[in-house]
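Asker: Could you work out the structure for the sequence below:
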Amino acid sequence: MARDYTKYTIESLGKNMNKRQLVFTIIKDWAIKNKPSLEEIQTAFPAKIQGSKGFVVKASEVKDAKRFNMEEPLSIKNGTQVVVSNQWGAKNIEAFIDLAKGLGYDIKKVAKVTDTEKTATSTSSDSFDITQLSMRDFKKLIRTTEDKKALEANLLKQVALNPNFWSYLLMYDYIVNEGAMELSKKSSNPACIEWYEIHDEQESLAQFVLDNLELDFEEVQTDNEKRILFNASFGSYLYASLEEFPTVEDIEESDLAGYLASHDHTLLRDGEDVFDKHGVGEDWLVTLGDEWLMYCGFDSSDYEGECGVHLVNTEWQEFSIDYNRMAEDVMAQFG
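Answerer: Residues are numbered from 1 along each chain as shown. As a prediction, the model looks like this:
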């Protein structure tokens, strides 16, 4: 998979900026020069440019704080405080750059996309090494392999030797067996984890997995093999923990809702420093969590709605995904 580490320089405004810095710097400069109202700044920078998560919004109306630069609100006309989205990837950043150039900003790219993952194009059902395949490349292998039985046999054998990759069975079942847990149930989930193990540590699942693998987030960001291991292990532990909830005494649905809301990078230690350094991270971890939840049978897009929950570290946070409703479905499925 190609990781985009492109940096940007804006004439007279800054050099070697990552995507989030690029967007924020231009909007801040434009706001200072134009002193806009809320309607004017949202017209100049329409939400459709960012996508579906919001672009420039009133700080007081933010429901999912991790998706916006809450540390640097901008003051516009009438003292209104607005914040800017930090959710930028290879696709929507190009739309933003086109918009910014139309507003007169001279933007130059100073780095290129780097291919950090091996491809599966030459991999066959009897020769692949699961520990070297990213989620994207494994999905490609599944879809391009005609001999599914040989692929299944090899996959089960490799998962038995590499239990952190049990979650790849989930992915296989989602794609080939339309979500039925046919292959994943042939091999018991080795990632045994109980809810209290996470709760007592007051940390997110992402942090729990990092600690369990004795990795730090920067290693996962910059070392492809460690990132593949982290991704696979994250999915295994997520599904195992969902299975544990109905069997742990005195667990309420609100506890599960808080766990679901905490499963990504929300409580990752020292994560922000890494995000700032590499210009990547938040989109990737949120997407990773959502994707594995989908393979587990719970598509976040089915649970859109306002929700407030206590995270596993007891902090209260508002979300645009109804984790309470998702928790009800999880309890119903595994109970």
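Asker: From the chain's centroid, how far away is stretch 32-51?
Answerer: Here stretch 32-51 is found 26 Å from its chain centre; the criterion is C-alpha atoms, centre = their mean, to the nearest Å.
Asker: Need the contact partners of it.
Answerer: 27, 30-31, 54-56, 58, 76-78, 80, 82, 85, 87-88, 92, 95-96, 99, 103 (C-beta atoms under 8 Å, 6 or more residues apart in numbering). To be clear about C-beta, it is placed using only N, CA and C from the backbone, and glycine gets the same treatment.
Asker: and it, what's its mean pLDDT?
Answerer: What stretch 32-51 shows for mean pLDDT is 93.
Asker: likewise stretch 325-335?
Answerer: Mean pLDDT, stretch 325-335: 86.
Asker: Buried ones among the contacts of stretch 32-51?
Answerer: The neighbour count (16 or more other C-beta atoms under 10 Å) marks 27, 30-31, 54-56, 76, 80, 82, 85, 87-88, 92, 96 as buried among the contacts of stretch 32-51.
Asker: who are the neighbours in contact with the residue of the chain positioned farthest from its centre?
Answerer: Relative to the average C-alpha location in the chain, and by C-alpha atoms, centre = their mean, no residue lies farther out than N78, which sits at 35.6 Å. By C-beta under 8 Å, 6+ apart, the contact list for N78 reads S37.
Asker: and S254, what helix or strand is that in?
Answerer: Here S254 is covered by helix 253-261, with elements defined by DSSP states H and E.
Asker: picking up where we left off before, among the buried ones among the contacts of stretch 32-51, which one sits closest to I107?
Answerer: Of all the buried ones among the contacts of stretch 32-51, the one with the least separation from I107 (C-beta to C-beta) is F96, at 9.4 Å.
Asker: Which strands or helices does the biggest helix by length in the chain pack on?
Answerer: Using DSSP state H, we find that the single longest helix of the chain is helix 224-244. Where contact means 3 or more C-beta pairs under 8 Å, 6 or more residues apart in numbering; DSSP states H and E, helix 224-244 is packed against helix 167-176, helix 195-201, helix 205-213, helix 217-222, helix 282-296, helix 323-334.
Asker: and stretch 310-323, how far apart are its ends?
Answerer: End-to-end distance of stretch 310-323 (C-alpha to C-alpha, to the nearest Å): 11 Å.
Asker: now that stretch, how far from the chain's geometric center?
Answerer: Taking C-alpha atoms, centre = their mean, one finds stretch 310-323 lying 16 Å from the centre of the chain it belongs to.
Asker: ok, and what's touching it?
Answerer: Against stretch 310-323 from outside (C-beta under 8 Å, 6+ apart): 63-65, 198-199, 202-204, 254, 257-262, 266-267, 300, 303-309.
Asker: and that stretch, which residues are buried?
Answerer: Along stretch 310-323, these residues count as buried under the neighbour rule (16+ other C-beta under 10 Å): 311-312, 317, 319-323.
Asker: again with stretch 172-182
Answerer: Residues 172-174, 176 are the ones in stretch 172-182 that count as buried (16+ other C-beta under 10 Å).
Asker: That one: how far from the chain's middle?
Answerer: Centre-to-centre, stretch 172-182 and its host chain are 22 Å apart (C-alpha atoms, centre = their mean).
Asker: swap in stretch 310-324?
Answerer: Here stretch 310-324 is found 16 Å from its chain centre; the criterion is C-alpha atoms, centre = their mean.
Asker: Any idea how far apart the tips of that stretch sit?
Answerer: End-to-end distance for stretch 310-324: 11 Å, by C-alpha to C-alpha.
Asker: Repeat that for stretch 154-171.
Answerer: End residues of stretch 154-171 are separated by 15 Å (C-alpha to C-alpha).
Asker: Centre of the chain to stretch 40-56, how far?
Answerer: Its chain's average C-alpha position is 21 Å from that of stretch 40-56, according to C-alpha atoms, centre = their mean.
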